[in-house]
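# missing the sequence, but the structure's below:
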């Protein structure tokens, strides 16, 4: 996992360096700034994940710096530090987008806990924000591409179940078939469209944390429960919640989900009273839940409660008539993203796309078309731009040319990842290390550039 990039902005030099040492010891990349001017310089030069920001600085207020941070990159998390006993400035900072605040004097363990929690929830926050943006002014099924009879049936079922007020839905399908898109469409077609759609991957959160994430906890419920925490179900009230990879939910937690489905009530961890909610539950699984029931790994009563409405997504290999239209849609997107002018796909390349079995389904096709668009330097996408697994039956090895600014070095075949890494490095060098300018020239956001630099371990 990539190290998080922290910036500590604090004019008390001793405190600033103490905090920096604490986080360096737990393997974070840490930078420090003793003024607003120094902080802005770092923020414009480097990709920062989280800022610990003092509310009072010698050349500006922390609130002014917070405003500047959100202008530079709204995805940066900010935790305010204040010694002011009046809570109003801290409350104002929270209204302006700060993640949390800490009152001086504080324990170093408390700081570490708040920072770790902020970084753990960052991805989830970004996804929730993205889903909410998708809900505004977009057709509910605008991502549900495919005109095959199988996909038309899926769209029909989506619209039928969306009209019900609270009926639970189970979406079944292989990885990459678009289960998340179906969940979005159900919510957006429903009367709940203007309410939250909260998504959580049950397999992505450790078992011991999942209950707290879903149901919340009361202050003092366990050792680290220093504050009351609302869970995902509470946050999704009046809207929908999407439980991806529901098969990963441990047996001991499943009765609480069953109770919500039956009574629309639950209790926080450590709570003594029921909380009433109104939430539609949409669950998804790429595993056979009936087989898990037989194996004693999933509750039979929960399965039957979830299976009130089942939507089965067909794998891409069973709807081949959608492959070429989908490929063209992804190609058009990539033309815009990479500033390309690829006019179409050659017949021989289409043949390869149709012959391939697509174990990764639509997600794999999307990734293949992105790779092909990056490699294609012509107006027509050809077989040599497709990955080796699609060209496995060809007798000749196709040589793919590499742009001059991303040399292959010794002439050996170059991977897509290495090509992208070198292209980013070359653009960074040409832009003098300026991250904002680099992101603009690459045609991507600063957040995307941050993730790619982390992925390829590009310093800066």
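Arrived safely, thanks for sending. Note that this is a predicted model, so its numbers are computed, not measured. Residues are numbered from 1 along each chain as shown.
# Tally up the residues packed near residue 163, please.
Residue 163: 10 surrounding residues under other Cβ atoms under 10 Å. C-beta coordinates here come from the backbone N, C-alpha and C atoms, glycine included.
# is it true that it touches residue 192?
No. Judged on Cβ atoms under 8 Å, residue 163 makes no contact with residue 192 at a distance of 11.3 Å.
# Residue 381 and residue 342 touch, don't they?
Yes. Between residue 381 and residue 342 a contact is recorded at 5.5 Å, counting by Cβ under 8 Å.
# Show the end-to-end separation of stretch 304-319, please.
End-to-end distance for stretch 304-319, by Cα to Cα, to the nearest Å: 29 Å.
# what's the answer for stretch 223-242, then?
For stretch 223-242, the first-to-last residue distance is 29 Å (Cα to Cα).
# now what about it, what contacts it?
The contact list for stretch 223-242 (Cβ atoms under 8 Å, 6 or more residues apart in numbering) reads 110, 113, 180, 183, 186-187, 190, 192, 195-200, 212-219, 260, 266, 268-270, 275, 277-284.
# Return the helix or strand in this structure with minimum mean pLDDT.
Least confident helix or strand, the chain: helix 108-135 with a mean of 71, by mean pLDDT, DSSP states H and E.
# Quick check: phi and psi on residue 55?
In terms of degrees, to the nearest 10, the main-chain angles of residue 55 are phi -70, psi -20.
# which residues touch it?
61-63, 80-84, 89-90, 93, 101.
# Quick one, grab the pLDDT at it.
Note for residue 55: predicted pLDDT of 90.
# go on, residue 400?
38.
# More neighbours: residue 381 and residue 342, which one.
residue 381 (26 against 20).
# Let me see the contact set for residue 32.
7-10, 16-17, 20.
# Next step: the contacts of stretch 223-242 restricted to strands.
Among the contacts of stretch 223-242, the members found in strands (DSSP state E) are 197-200, 216-217, 266, 275, 280-284.
# would a markdown table of the residues you listed with distance to residue 362 be doable?
Formatted as a markdown table, the ones in strands among the contacts of stretch 223-242 follow (distance: Cβ to Cβ, whole Å):
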| residue | distance to residue 362 |
| --- | --- |
| 197 | 20 |
| 198 | 24 |
| 199 | 18 |
| 200 | 22 |
| 216 | 35 |
| 217 | 38 |
| 266 | 35 |
| 275 | 38 |
| 280 | 25 |
| 281 | 24 |
| 282 | 19 |
| 283 | 20 |
| 284 | 15 |
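# Can you report how many residues neighbour residue 303?
Using other Cβ under 10 Å as the criterion, residue 303 is surrounded by 19 other residues.
# Look up how far residue 228 lies from it.
33 Å (Cβ to Cβ, to the nearest Å).
# and if you look at residue 331?
In terms of Cβ to Cβ, residue 331 sits 49 Å off from residue 228.
# more crowded one of the two?
More crowded of residue 331 and residue 228, by other Cβ under 10 Å: residue 331, with 20 against 14.
# which parts of stretch 279-290 are buried?
Buried positions in stretch 279-290, judged by neighbour count with 16 or more other Cβ atoms under 10 Å: 279-286, 289.
# Mind picking the lowest-pLDDT entry from these?
Comparing the buried residues of stretch 279-290 by pLDDT, residue 286 comes last, at 90.
# Helix, strand, or coil at residue 204?
Using DSSP: H, G, I helix; E, B strand; the rest coil, the structure places residue 204 in coil.
# Name the nearest residue to it, sequence neighbours excluded.
Using Cβ to Cβ, 6 or more residues apart in numbering and skipping the chain neighbours, the partner closest in space to residue 204 is residue 245 (7.8 Å).
# same question, residue 212
In space, and not counting its chain neighbours, residue 212 is closest to residue 269: 5.9 Å by Cβ to Cβ, 6+ apart.
# which residue ranges form the helices in the stretch 1-150 of the chain?
13-25, 36-45, 62-72, 88-95, 108-135, 149-162 (DSSP state H, counting those that start in this stretch).
# got a list of what residue 363 touches?
Counting by Cβ under 8 Å, 6+ apart, residue 363 makes contact with 175-176, 178.
# Tell me which helix or strand it sits in.
Per DSSP states H and E, residue 363 falls inside helix 361-375.
# helix or strand right after that helix?
strand 380-381.
# Please list the residues outside that next one that contact it.
Residues contacting strand 380-381 (Cβ under 8 Å, 6+ apart): 331, 342-346, 349, 372-373.
# and the two most separated of the ones in strands among the contacts of stretch 223-242?
Pairwise distances across those (Cβ to Cβ) peak at 25.7 Å, for the pair 217 and 284.
# could the contacts of residue 55 be laid out in TSV, adding neighbour count, pLDDT and distance to residue 224?
Shown next, in TSV, are these (neighbours: other Cβ atoms under 10 Å; pLDDT from 0 to 100; distance: Cβ to Cβ, whole Å):
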residue	neighbour count	pLDDT	distance to residue 224
61	15	90	32
62	26	90	27
63	17	92	29
80	25	92	21
81	23	91	20
82	19	86	22
83	12	81	25
84	12	71	26
89	17	80	27
90	20	78	21
93	23	88	24
101	20	88	18
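# Run the chain-centre distance for the one helix or strand residue 351 maps to.
Residue 351 belongs to helix 347-355 when elements are defined using DSSP H and E. Between the centre of helix 347-355 and the centre of its chain there are 32 Å (Cα atoms, centre = their mean, to the nearest Å).
# Any of the contacts of residue 363 buried? List them.
Using 16+ other Cβ under 10 Å, the buried ones in the contacts of residue 363 are 176, 178.
# Between the contacts of residue 363, which sits nearest residue 256?
Of all the contacts of residue 363, residue 256 sits closest to residue 175, with 26.7 Å by Cβ to Cβ.
# Thanks a lot, see you next time.
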